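Student: A predicted structure for the sequence below; I have some questions about it.
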Amino acid sequence: MSSPQKDIYLIIGGSGFLGRHIVEKLLARGDVVSTFDIVQRYHDVPFYSGDISEENQVSQAVQKSAATCIIHTASPPHGIDDPALYWKVNVDGTQAVINAAVANGVHKLVFTSSAGVVFNGEDLVNTDERLPPPEKSMDAYNESKAKGEELVLAANGKGGLLTVALRPSGIFGPGDRQVMHGLSQVFERNQTNFQIGDNNNLFDWTYVTNVAHAHLLAADRLVPLKHLSEQETSQIINYYLPTVSLTTGSRRQPTSEARPLGPYVVPPPHAEEIEARFNNPDPQAQYTSISYPPPVVRSRFDPLSDAVIARHRALAAINSKEKEAEGPIPTDPLQVAGQVFFITNGEPTYFWDFPRAVWRSLRVSSPSAPSERRRITFPREVGLVLAYAAEWWGWLVGKEPAFTRFRVTFSCVHRWHNIEKARRVLGYEPEVGLEEGVKRMVDWWKAEHGMKP
Ligand code: NAD
């Protein structure tokens, strides 16, 4: 399913964290790559300086680079109190990228969306791509990402341009400029003992090179729609999909209470049983504890069931008849063009286990750091009140608060996604597991900051 001719790539936001990893992956496989960004941080590939909200600047870069495939990763970072900037870059800027792509005969546009586009503050459990973005987004960032995604998908087929949107969740890894910075600040302030919520909520983190890998797969498989025979359809949806087992081990289910990254915060009354079950999984064994929630039996085929696919294809056929010639072209959930894909590590983990793994590793390299203090856990409601006060205080003194209601909500809900569609249709498998990814990120951070390994 890969395109017959090699593409020439323009990475928009190529100086950024994810953008740079995409550039490195493309270079490693011998592709021709240029970058477009408002700042230049690297000098090994042609760089075009510009702002995506200026269509002519994007257009010039497309022409000079001779790009046939644009990968658009640019966005202001999450957490800025400037809704107008998000709209300018993520909506108007994305429209400008689409216009420049169509005007210059670009074949492919891969857009980095975000898993946050479907988040409204409530639990997301094994969420797949059928869930639409909420009517009211969590904040201006997510709202603008959702709108940008909508524009990109609506542009699929325009002037020969094919488009796809990827929704990564919680990107982390070497080069990161948000997650590691925030966690190391908490460590330096010796505030690692505070916890909001009970840490029984699962969260999806995604190692950065896995996200980059997904972008390359999406670009490679972004080809014009073709008719899939019954046999071809079956080949995509009916082969055995092994458990993602890079870190968690093949028998660990994301919904199990076993904790791959950290020890229990407060051991539940049936901790021993859980551990025994985890260490020696036996589907036939009888477990006595009634308080233990049984593992969720997930129908991995739900999002791609025959019924769902048939309904999607029937709707697409009706749409294509009703729409004008320049309207959206039909899409197929088993082909890449015009589709969205969640991209995660496939290893949802208990929210606070991830920062604790980072802090543990930082502590090992910081002999002078004060010893860990007794853990203090705030219920979510208390956290929300404190965050409200912090936001109010920040507004009063004109400083952006570090502790916000968004962060409290974020740390207390389940937020994990189903990546079956990405695995089957893009052929995506996470290459680096969570535990290894955390190690690589912290090792990079230590090297950058002159800490001993
Ligand atoms: P980043 O800030 O490291 O990179 C973004 C790059 O875009 C930066 O180099 C920045 O200079 C550039 N940029 C910003 N505004 C621009 C403009 N107007 N014109 C041209 N370039 C501009 O961010 P990142 O973490 O690498 O995120 C990459 C993408 O992934 C973003 O679209 C983001 O919304 C999305 N995403 C990130 C995460 C995450 O956890 N980091 C999660 C989900 C989705």
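Tutor: Yes, it's here.
Student: and this structure, which residues reach the ligand?
Tutor: 13, 15-19, 37-39, 51-53, 73-77, 89, 93, 112, 114, 145, 168, 170-171, 177-178 (C-beta under 6 Å from any ligand atom). For every residue, glycine as well, the C-beta is placed using N, CA and C.
Student: Quick check: PyMOL command selecting the buried ones in these.
Tutor: The buried residues among those can be selected in PyMOL (16 or more other C-beta atoms under 10 Å) with this line:
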select buried, resi 13+15+16+17+18+19+37+51+52+53+73+74+75+76+89+93+112+114+145+168+170+171
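Student: so of the residues of the chain next to the ligand, which ones are in helices?
Tutor: 17-19, 145 (DSSP state H).
Student: Quick one: residues contacting the one residue in the chain that gets nearest to the ligand.
Tutor: The minimum distance from the chain to the ligand, using C-beta to the nearest ligand atom, falls at G16 (2.0 Å). Shown in contact with G16 (C-beta atoms under 8 Å, 6 or more residues apart in numbering): 37, 73-74.
Student: Which of the residues you listed sits closest to L183?
Tutor: T73 (22.5 Å; C-beta to C-beta).
Student: give the contact list for the closest one.
Tutor: Going by C-beta under 8 Å, 6+ apart, the list of residues near T73 reads 11-14, 16, 18-19, 22, 112, 215.
Student: do the same with T94
Tutor: Neighbours of T94 in contact, by C-beta under 8 Å, 6+ apart: 52, 72, 111, 148, 151-152.
Student: now do Q195
Tutor: Residues in contact with Q195, defined by C-beta under 8 Å, 6+ apart, are 265, 352, 375-378.
Student: so it sits in a strand?
Tutor: Yes. Assigned with DSSP: H, G, I helix; E, B strand; the rest coil, Q195 falls within a strand.
Student: beta partners of it?
Tutor: Beta bridges link Q195 to T377, judged by DSSP bridges.
Student: Next one: it from Q178, what distance?
Tutor: Per C-beta to C-beta, to the nearest Å, Q195 is found 20 Å from Q178.
Student: repeat for E150
Tutor: Distance, E150 to Q178, by C-beta to C-beta: 25 Å.
Student: what do you get for P83?
Tutor: 19 Å.
Student: For H21, which non-adjacent residue is closest in space?
Tutor: A212 (4.1 Å; C-beta to C-beta, 6 or more residues apart in numbering).
Student: I should have written D92 there, sorry.
Tutor: In this structure, D92 finds its nearest non-sequential neighbour in S53, 5.2 Å apart by C-beta to C-beta, 6+ apart.
Student: try G93
Tutor: Using C-beta to C-beta, 6+ apart, the closest residue to G93 is I52 (3.6 Å).
Student: got the contact list for the one you found?
Tutor: Contacts of I52 (C-beta under 8 Å, 6+ apart): 12, 36, 58, 72, 74, 89, 93-94, 96-97.
Student: can you rerun that using 7 Å?
Tutor: Going by C-beta atoms under 7 Å, 6 or more residues apart in numbering, I52 touches 12, 58, 74, 89, 93, 96-97.
Student: and the residue nearest to F351 when sequence neighbours are not counted, what are its bridge partners?
Tutor: Closest residue in space to F351, ignoring its immediate chain neighbours: F203 at 4.5 Å, by C-beta to C-beta, 6+ apart. Counting by DSSP bridges, F203 is bridged to T349, R415.
Student: Helices of the stretch 101-250 of the chain, start to end?
Tutor: 140-154, 179-188, 208-221, 230-237 (DSSP state H, counting those that start in this stretch).
Student: Just name the most buried of these.
Tutor: helix 208-221 (a mean of 24; mean count of other C-beta atoms under 10 Å).
Student: Does that one pack against any helices or strands, and if so which?
Tutor: Counting contacts by 3 or more C-beta pairs under 7 Å, 6 or more residues apart in numbering; DSSP states H and E, helix 208-221 packs against helix 17-28, strand 69-72, strand 108-112, strand 162-168, strand 171-172.
Student: can you redo the ones you listed as JSON lines with mean pLDDT?
Tutor: Output for the helices and strands packed on helix 208-221, formatted as JSON lines (pLDDT from 0 to 100):
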{"stretch": "helix 17-28", "mean pLDDT": "98"}
{"stretch": "strand 69-72", "mean pLDDT": "98"}
{"stretch": "strand 108-112", "mean pLDDT": "98"}
{"stretch": "strand 162-168", "mean pLDDT": "98"}
{"stretch": "strand 171-172", "mean pLDDT": "98"}
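Student: Tabulate the ones you listed (JSON lines), appending distance to G394.
Tutor: Shown next, in JSON lines, are these (distance: least, C-beta to C-beta, whole Å):
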{"stretch": "helix 17-28", "distance to G394": "26"}
{"stretch": "strand 69-72", "distance to G394": "32"}
{"stretch": "strand 108-112", "distance to G394": "29"}
{"stretch": "strand 162-168", "distance to G394": "28"}
{"stretch": "strand 171-172", "distance to G394": "26"}
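Student: Relative to A422, which of these is closest?
Tutor: Nearest of the helices and strands packed on helix 208-221 to A422, taken as C-beta to C-beta: strand 162-168 at 8.0 Å.
Student: so what does that closest one touch, helix or strand wise?
Tutor: Helices and strands touching strand 162-168, by 3+ C-beta pairs under 7 Å, 6+ apart, are strand 108-112, helix 140-154, helix 208-221, strand 340-343.
Student: Okay, angle between that strand and strand 108-112 too, please.
Tutor: 20 degrees (axes from the mean of the first three to the mean of the last three C-alpha atoms, to 10 degrees).
Student: chain center to strand 162-168, what's the gap?
Tutor: Centroid separation for strand 162-168 versus its chain: 11 Å, with C-alpha atoms, centre = their mean, to the nearest Å.
Student: Then stretch 393-402?
Tutor: 29 Å.
Student: Name the residues that touch that stretch?
Tutor: Outside stretch 393-402, the residues that touch it by C-beta under 7 Å, 6+ apart are 81, 390-391.
Student: Can you say which of those residues are buried?
Tutor: Applying 16+ other C-beta under 10 Å to the contacts of stretch 393-402 flags 390-391 as buried.
Student: Now render the contacts of stretch 393-402 as TSV, adding secondary structure.
Tutor: Formatted as TSV, these follow (three-state DSSP):
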residue	secondary structure
D81	coil
A390	helix
E391	helix
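Student: and of the contacts of stretch 393-402, the nearest to S361?
Tutor: A390 (27.9 Å).
Student: can you tell me which residues contact the closest one?
Tutor: The contact partners of A390, by C-beta under 7 Å, 6+ apart, come to 401, 403.
Student: Recalculate using a threshold of 10 Å.
Tutor: Contacts for A390 (C-beta atoms under 10 Å, 6 or more residues apart in numbering) come out as 401-405, 407-408.
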